[in-house]
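Asker: Pasting a predicted model and its sequence here:
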Amino acid sequence: MSRVLRPQRLLDQAVADAARLVAPSGIGLDSPGVRARMVSRLRRGGGFDEVVLSAMDRVPRHRFVDSALAPQAYEDTALPIGHGQTISKPSVVARMLSLLRQGQQARHLGHLGRVLEIGTGCGYQAALLACLATDVTSVERIQALHEGAKLKLQSLRSELSWRRSPVLWHADGQGVPVWGGPFDSIVSAAGGEEIPQAWLQLLAPGGRLVAPTQHGGSGQLLTIVDHEVIAGRSEWRRTTQEGVLFVPLKSGVI
């Protein structure tokens with residue numbers, strides 16, 4: 001029989017989770033050289049935006065995972081963050097953010113503009129987005145993850161000198177949005193059968209959306225949606241990229 005946690009219990013759980021994220025001393029994870037080596041490996045692989053790689057060189061990924069997993073933080077691997085969720089592997093994060101920066105509006109602005117992230121998770125990608133955009137709104141359906149990400153991002157605010165800290169919402173990312181728009185860039189960390197219509201309506205003209213979607217027997221593929229205006233009419237042009245593996249997109253809040 002499952003138990004329903006009270007709000008204070010959820011907050012206490014999030015605080016306890018965040019406390020475990022302090023990296024163990026003596027393994028050198030605070031050294032800029034550790035992140036630099038990760039970025040060098042990504043750069044050698046090719047195909048990533050240099051501004052994205054610069055942000056990844058700044059943001060300490062080990063601060064977003066459990067201390068027991070911290071030694072693996074700069075390997076190109078996904079790691080569990082609890083509640084059946086994961087922090088995506090660095091190469092996938094770099095790929096998605098690089099694709100966002102290739103959108104028409106992002107190229108025009110020179111940055112990602114106003115960003116909506118679906119699936120805050122541990123907060124790592126939100127931290128990167130805050131280095132690449134003017135405003136970041138991030139939505140998470142699991143309250144314990146939402147609270148934990150809020151604590152981690154607050155602890156990094158002064159260290160990373162963002163233009164503006166990410167605004168986090170505990171909400172259903174699939175439902176009718178209550179956090180406003182339009183957004184120049186939208187990125188999702190979970191994949192469904194279709195891209196919700198609500199997301200398309202939030203995408204500004206010239207904006208770009210990047211999300212994993214299910215493609216039958218092919219599994220999940222990265223999908224790009226560009227909001228184009230042709231002869232005064234809005235059109236949403238879709239293209240697909242390589243295969244990926246993300247947690248499923250779910251509705252409701254817990």
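Answerer: Everything's here; your move.
Asker: For the stretch 101-250 of the chain, which segments count as strands?
Answerer: Ranges of strands in the stretch 101-250 of the chain, per DSSP state E, counting those that start in this stretch, are 114-118, 135-140, 167-170, 183-188, 203-214, 220-230, 233-244.
Asker: nearest residue to E117 other than its sequence neighbours?
Answerer: S138 (4.1 Å; Cβ to Cβ, 6 or more residues apart in numbering). In short, each C-beta sits where N, CA and C put it, glycine included.
Asker: which residues does L112 contact?
Answerer: By Cβ atoms under 8 Å, 6 or more residues apart in numbering, the contact set of L112 is L100, R101, A106, L129, L132, A133, T134, D184, S185.
Asker: Report the buried members of those.
Answerer: Applying 16 or more other Cβ atoms under 10 Å to these, the neighbour count classes L100, R101, A106, L129, L132, A133, D184, S185 as buried.
Asker: tell me the contacts of the third one?
Answerer: It refers to A106. L100, L112, G113, D184, S185, R208.
Asker: The second one and A190: what is the separation?
Answerer: This points to L112. 19 Å (Cβ to Cβ, to the nearest Å).
Asker: cool, and the first one?
Answerer: With distances defined as Cβ to Cβ, the gap from L100 to A190 amounts to 16 Å.
Asker: And for the last one?
Answerer: Remark: distance between R208 and A190 (Cβ to Cβ) = 18 Å.
Asker: Among these two, which residue is more densely surrounded?
Answerer: More crowded of R208 and A190, by other Cβ atoms under 10 Å: R208, with 26 against 19.
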